[in-house]
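Novice: coords please:
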Amino acid sequence: MRTVIGVVGSRREARLRLMHELGTRLADKGYNVALVFRDEREAVQGSKVFLTADVLKTSTFVMVNSRLSLDDIKSLVPGKWCLVLVEGHRTVPHVVAATSRTDVNEVGPKSIAVVPLSDEVQNLATSWTSKVVDFDGAAKAIQEVIVEDIMKLLALENCSRCGFSSCRDLAEAIAKGEEGPTKCVERREGVKLVVDGELVPLNQFASKVFVQVVRGLLSILKGVPKTPKKVSLEVDLY
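Specialist: Residues are numbered from 1 along each chain as shown. Below you'll find the predicted structure:
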């Protein structure tokens, strides 16, 4: 259970500075934060991809010298909801460490915040986009993405039966690892998906898709009741 945010920009020094600033601020607010970045030796060692995972607050530091996907990172981060800041990852919502016109020009739909690191870039970026913020503003933008990710897993009934006054309050508690998505009393878990021993939270749409696919497959099998109520399925992908 994690939210992945990219940190991009043309200068590596600026990217790492922004990752450190954001990671520290959010960890101080109680969030579980992991930083994932490329090691400079990648350029020397050839085709191998070096990634470092630095899990703040838990003093965990791991270096690997083989290809590592974001899905593999889950074994390095806490079991509770975790924010993963990934250097140079543009395909997910990302924050821009802006040090040049090039950085500003590349701001796109997935850019959630732009942090200018000089007065010159500040003036340029402000005339280009409304996403210009300081470090604290970027941290707030990331918090919003985390809460939005979690809200997709909740029933959004604002029933207060979970003990929180609103679904957003519960989402914020989940974001900090104080609660889990199953705390939502009205949440319908028609499908429980476990991958390699880890529970994968599904939103309502994904659950419905799983149910429809399984119903369709069962309908063409002989010896299966016409209206089954509960099905257990274990699949070995190897």
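Novice: neighbouring contacts of stretch 125-135?
Specialist: 18, 21-22, 25, 98, 104-105, 107, 111-116, 122, 140-141 (Cβ atoms under 8 Å, 6 or more residues apart in numbering). For every residue, glycine as well, the C-beta is placed using N, CA and C.
Novice: which among those end up buried?
Specialist: Among the contacts of stretch 125-135, those classed as buried by 16 or more other Cβ atoms under 10 Å are 18, 21-22, 25, 98, 104, 107, 111-116, 122, 141.
Novice: among the residues you listed, which two are most distant?
Specialist: 25 and 104 (23.0 Å; Cβ to Cβ).
Novice: least trustworthy helix or strand in this structure by mean pLDDT?
Specialist: Counting by mean pLDDT, DSSP states H and E, the weakest-scoring helix or strand in the chain turns out to be helix 42-45, with a mean of 42.
Novice: ok so, going back, which of the buried ones among the contacts of stretch 125-135 fall in strands?
Specialist: Assigned to strands by DSSP state E, the following of the buried ones among the contacts of stretch 125-135 qualify: 98, 111-116.
Novice: need the three-state assignment for the residue nearest to residue 20 when sequence neighbours are not counted.
Specialist: In this structure, residue 20 finds its nearest non-sequential neighbour in residue 35, 7.6 Å apart by Cβ to Cβ, 6 or more residues apart in numbering. In terms of secondary structure, residue 35 is strand; the call rests on DSSP: H, G, I helix; E, B strand; the rest coil.
Novice: about what we covered before: among the ones in strands among the buried ones among the contacts of stretch 125-135, which one sits closest to residue 200?
Specialist: Of all those, residue 112 has the smallest distance to residue 200: 24.3 Å, by Cβ to Cβ.
Novice: contacting residues around that closest one?
Specialist: Counting by Cβ under 8 Å, 6+ apart, residue 112 makes contact with 5, 93-95, 131, 138, 141-142, 144-145.
Novice: repeat that for residue 88.
Specialist: Counting by Cβ under 8 Å, 6+ apart, residue 88 has contacts 6-8, 15, 37-38.
Novice: in a strand, residue 153, correct?
Specialist: No - Residue 153 is assigned coil when assessed by three-state DSSP, not a strand.
Novice: and it, how far is that from residue 202?
Specialist: Between residue 153 and residue 202 the distance is 8 Å, computed by Cβ to Cβ, to the nearest Å.
Novice: wait, residue 111 sits on residue 92?
Specialist: No - contact between residue 111 and residue 92 fails when scored by Cβ atoms under 8 Å: they sit 10.9 Å apart.
Novice: residue 219: neighbouring residues, count only.
Specialist: 9 (other Cβ atoms under 10 Å).
Novice: now swap in the one 3 residues further on and tell me
Specialist: Other residues near residue 222 come to 4 when the count uses other Cβ under 10 Å.
Novice: name the helix or strand for it, please.
Specialist: Residue 222 belongs to no helix or strand when assigned by DSSP states H and E.
Novice: the closest residue to residue 32 other than its chain neighbours: what's it in contact with?
Specialist: Nearest residue to residue 32, sequence neighbours excluded (Cβ to Cβ, 6+ apart): residue 82, at 4.3 Å. If you count contacts by Cβ under 8 Å, 6+ apart, residue 82 has them with 1-3, 32-34, 177.
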